[in-house]
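S.K.: Mind looking at a prediction? Sequence and model below.
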Amino acid sequence: MSSSVLAARIEKVSQSSSAGTPNGGHLLGFDASFDDLYRRDGLARLDAAFVAFLKGADASLHHRLMAARAAPDAISSKDESEFVIDLAAS
């Protein structure tokens, strides 16, 4: 990823989260704040929101994620890498 593309993405996130939250945390996607990243319940909410989003956006990727979570040792390193790339591209 070029530095200009990365800078544009950072700027977009910064603009969308500049309002912050009442407790001072900045909003991330899925209505999460940076504070949520440091708490188990916040991470669980973020994960649930992501899984629901993925299910609606790409049922095949959702199925692959659920299968990988159910049996993490059953997926080869190559398949795991391909999955991460597919997930990032969606």
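M.R.: Thanks, I have it. All figures in this text were calculated on a predicted structure; none of them were measured in a lab.
S.K.: Flag the shaky bits of this protein, pLDDT-wise.
M.R.: Scanning the chain for pLDDT under 70 picks out 1-26.
S.K.: centroid residue for it?
M.R.: Nearest residue to the geometric centre of the chain (C-alpha atoms, centre = their mean): Phe50, 6.0 Å.
S.K.: From Val51, how far off is the spatially closest residue to that one that is not a sequence neighbour?
M.R.: Nearest non-adjacent residue to Phe50, counting by C-beta to C-beta, 6 or more residues apart in numbering: Phe30, 6.5 Å away. Placement of C-beta: from N, CA and C, glycine included. The gap separating Phe30 from Val51 is 10 Å, by C-beta to C-beta, to the nearest Å.
S.K.: And Leu37, by the same measure?
M.R.: Taking C-beta to C-beta, one finds Leu37 at 17 Å from Val51.
S.K.: Grab the longest helix from the protein for me.
M.R.: helix 40-57 (DSSP state H).
S.K.: contacting residues around that helix?
M.R.: The contact list for helix 40-57 (C-beta atoms under 8 Å, 6 or more residues apart in numbering) reads 28, 30-33, 35-37, 61-62, 65-66, 87, 90.
S.K.: Following it in sequence, what is the next regular element?
M.R.: Remark: after helix 40-57, the chain's next helix or strand is helix 59-70, criterion DSSP states H and E.
S.K.: For Gly56, the count of nearby residues, please.
M.R.: 9 (other C-beta atoms under 10 Å).
S.K.: swap in the one 4 residues further on?
M.R.: Look at Ser60: counted by other C-beta under 10 Å, it has 10 neighbours.
S.K.: residues in contact with Ala67?
M.R.: Each residue near Ala67 by C-beta under 8 Å, 6+ apart is listed here: 74-75.
S.K.: Any figure for the gap between it and Asp31?
M.R.: 28 Å.
S.K.: go on, Lys78?
M.R.: With distances taken as C-beta to C-beta, Lys78 is found 35 Å from Asp31.
S.K.: Which one of the two is surrounded by more residues?
M.R.: Set Lys78 next to Asp31 and count neighbours by other C-beta under 10 Å: Asp31 wins out with 11 against 8.
S.K.: Which residues are in contact with that one?
M.R.: Contacts of Asp31 by C-beta under 8 Å, 6+ apart are Ala49.
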